[in-house]
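*Asks:* the following comprises the amino acid sequence and a computationally predicted model.
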Amino acid sequence: MVTKMNKLNCWVFTILMLLALTVNADEIQVSVDRNPVSLNDSFRIIFSSSHGFNDDPDLSPLQENFEILDQQHSSNSSWVNGHSTSSDQWIISVLAKQSGELLIPPVAFGKDISKPLKITVSNSQNLPQGDEDLMLEVEASPEKPYVQSQVLYTLRFYRRVPITQARLEEPQIKDAVVEKLGDDSTFNTQLNGVDYVVTERKYAIFPQQSGVFTIQPITVNADVLIQRRPRFNGFFNLQNTDTRRVVSKAVTLNVQAVPAGINSDEWLAADSLEISEEWSDKTMQTKVGEPLTRTVRLSAKGTTVGQLPELAKYQAIDGIKTYADQPVLKEDKQADGLTAYREEKIAFIPSKPGNYTLPALHINWFNTKTQHMEKVSLPSITIKALVNNELNAQQPSAPAQQTPFATAPVESADNTGLRFWQYLSAGLALGWLLTVIVFMLKKPKLPAQPAPLKQAVEKVPESVIEKALKQACLENDSSEAKQQLLLWGKQQFGADSLGGLAKHCNEQLSNEIEKLNQSLYSVRHQTWDGSGFWQVFVANQPKAIINTQQDDGLQPLYKI
């Protein structure tokens, strides 16, 4: 009985210590390089901190379910636009001791503690059959996704012979956005009693249309090191290699359309969606003429940042002005998928004291895991504007009122001389005006010239321009994309430059146009992501054009 009480006391003490440490601990992120894993496959657990670790990790909790193979510690610091950022990582290579859904327990780094994480360990190895020296395996999940939802495409390259280098083709799929996820992971495994080294690479694929899609086979060209006696002995002998080619199978996706009854304009498919807010003053009070800033954050797993909706959509409120800052957009590409972030800051400046109620914010989204529509919301909230005494003190006082019985000024004797000069000036001005009129009448008339004709612009059908722009984006051809974009902007808005076109577009498309412009004229020859540009182009409508002269009759941009 005493032993059981001692164990219970130990558990209670441990839990209380973990809770006490967690209160003052910095947040430590934990992730794995892939999930799920096979029982005989090694994998890596990554612990990350943006503020540095308080101490070395205590890895003893991991030893219950995992065998620790290796551990590495790395730190990175950068200085961008006057702001210093740093990242610290501990990478632990482990091997699972059993199959099933295992828990990576919290790991203590001094007073800092990581969060727990679940990982699935499969007992059956999903490996290719055969005993070849080189093998290539691909798989896609799910095989029946919804349009614009995420498909995880995994590629594994098996080898049991030494190679010097390997060249891999990127997956090719029409009408889809393809994003590489994180860095390649390398691990060891066994197949039919033979040891293999496996390199795994993952992609996130977002089909933009419904229907049947085929991911073409992937080809890997590897230079295999062979044992041959060198022709000449010496220091400069080169390694002997043979080039071998390995081809994967094709993968077919059956992409489902937006379910019936759901507005396609509000379609947002994701694995999870979270929304939060933060105010510059927690009392929700401000003074007249002073801003109260609201920060709204939206994070979605399993979608791209181009799919996230705008958050600063407020109806006009009498007595208060709203100013929205440029949104902060970010994507995090991890092994388990892509996570998109959007942050918007909105300043509310009241012009008179009182209470103001902001409406609730609702975002409808489709949960790809439950296959149902869900909604995240921020409730309506009331802010209070107080009288600003400093602002009232700065306002100028009203001018003194004149008496209603003001006496008309008496004309003095000096006004007689003043009137003489006024009449003389008026007579001289009249004479000058008559002289100009006579000169204009006697001037010979020049032959009338025809009004300059506007430069004729050939009207190219929008469908042709959009197809050409789409092809340029999928090929990451920034120069061709610029030409087609200028044609589109000329017909839509009469814009002659990318900068002029960006002024007529919404925030997301305007930011993508700026990135395209930077990649074209950057000294460092920045790479341009055409697939991301095309997704934003087709997923967002440009701002409405106010034309007081005539309506050009252009149809709205077609959305895939």
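*Replies:* Happy to help now that I have it.
*Asks:* is residue 321 bridged to anything, and to what?
*Replies:* Counting by DSSP bridges, residue 321 is bridged to residue 349.
*Asks:* next: residue 108.
*Replies:* Beta-bridge pairing for residue 108 (DSSP bridges): residue 58, residue 113.
*Asks:* can you name the element that comes right after the worst-scoring helix or strand of the chain on mean pLDDT?
*Replies:* When each helix and strand of the chain is scored by mean pLDDT, DSSP states H and E, helix 2-24 comes last, with a mean of 48. Using DSSP states H and E, the next helix or strand after helix 2-24 towards the C-terminus is strand 29-32.
*Asks:* what's downstream of that next one, the next helix or strand?
*Replies:* strand 37-38.
*Asks:* direction included, what does that next one pair up with?
*Replies:* strand 117-122 (parallel).
*Asks:* just the CA trace of the strand it pairs with, in PDB.
*Replies:* The C-alpha trace of strand 117-122 is given here as PDB (Å, rounded to 0.1, in the frame of the first residue of the first chain):
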ATOM      1  CA  LEU A 117       2.900  15.000 -30.700                       C
ATOM      2  CA  LYS A 118       1.300  11.900 -32.100                       C
ATOM      3  CA  ILE A 119       2.800   9.800 -34.800                       C
ATOM      4  CA  THR A 120       1.500   6.700 -36.600                       C
ATOM      5  CA  VAL A 121       3.900   3.700 -37.000                       C
ATOM      6  CA  SER A 122       2.900   1.100 -39.500                       C
END
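*Asks:* same question for it, mean pLDDT?
*Replies:* Strand 117-122 carries an average pLDDT of 89.
*Asks:* now swap in stretch 218-234 and tell me
*Replies:* 70.
*Asks:* would you say residue 483 is within a helix?
*Replies:* Yes. Membership of residue 483 in a helix is supported by DSSP: H, G, I helix; E, B strand; the rest coil.
*Asks:* what about it, neighbour count?
*Replies:* The number of residues packed near residue 483 is 14, by other Cβ atoms under 10 Å. For glycine as for every other residue, the C-beta is placed from the backbone atoms N, C-alpha and C.
*Asks:* how near is it to residue 63?
*Replies:* Counting by Cβ to Cβ, to the nearest Å, the separation of residue 483 from residue 63 is 61 Å.
*Asks:* what does residue 303 give?
*Replies:* Plainly put, residue 303 is 37 Å away from residue 63 if you go by Cβ to Cβ.
*Asks:* what about those two, which has more around it?
*Replies:* Taking other Cβ under 10 Å, residue 303 and residue 63 do not tie; residue 303 has more neighbours (27 against 11).
*Asks:* surely that one is in contact with residue 272?
*Replies:* No. Between residue 303 and residue 272 there is no contact under Cβ atoms under 8 Å: 9.8 Å.
*Asks:* mind listing the strands in the stretch 251-400 of the chain by residue range?
*Replies:* Counting by DSSP state E, counting those that start in this stretch, the segments of the stretch 251-400 of the chain that form strands are 251-255, 269-270, 272-279, 285-287, 292-301, 320-324, 328-334, 337-350, 354-358, 361-367, 372-378, 381-386.
*Asks:* make CSV out of those and add mean neighbour count.
*Replies:* Output for those, formatted as CSV (neighbours: other Cβ atoms under 10 Å):
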stretch, mean neighbour count
strand 251-255, 17
strand 269-270, 24
strand 272-279, 15
strand 285-287, 18
strand 292-301, 19
strand 320-324, 15
strand 328-334, 15
strand 337-350, 20
strand 354-358, 14
strand 361-367, 17
strand 372-378, 13
strand 381-386, 16
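*Asks:* which one, of these, ends up nearest to residue 201?
*Replies:* Distance to residue 201, taken as Cβ to Cβ, is lowest for strand 328-334 among these, at 12.1 Å.
*Asks:* can you list the weak-confidence ranges in this protein?
*Replies:* Residues of the chain that meet the criterion pLDDT under 70 lie in 1-26, 40, 77-86, 124-131, 227-239, 314-315, 390-463, 521-526, 539-560.
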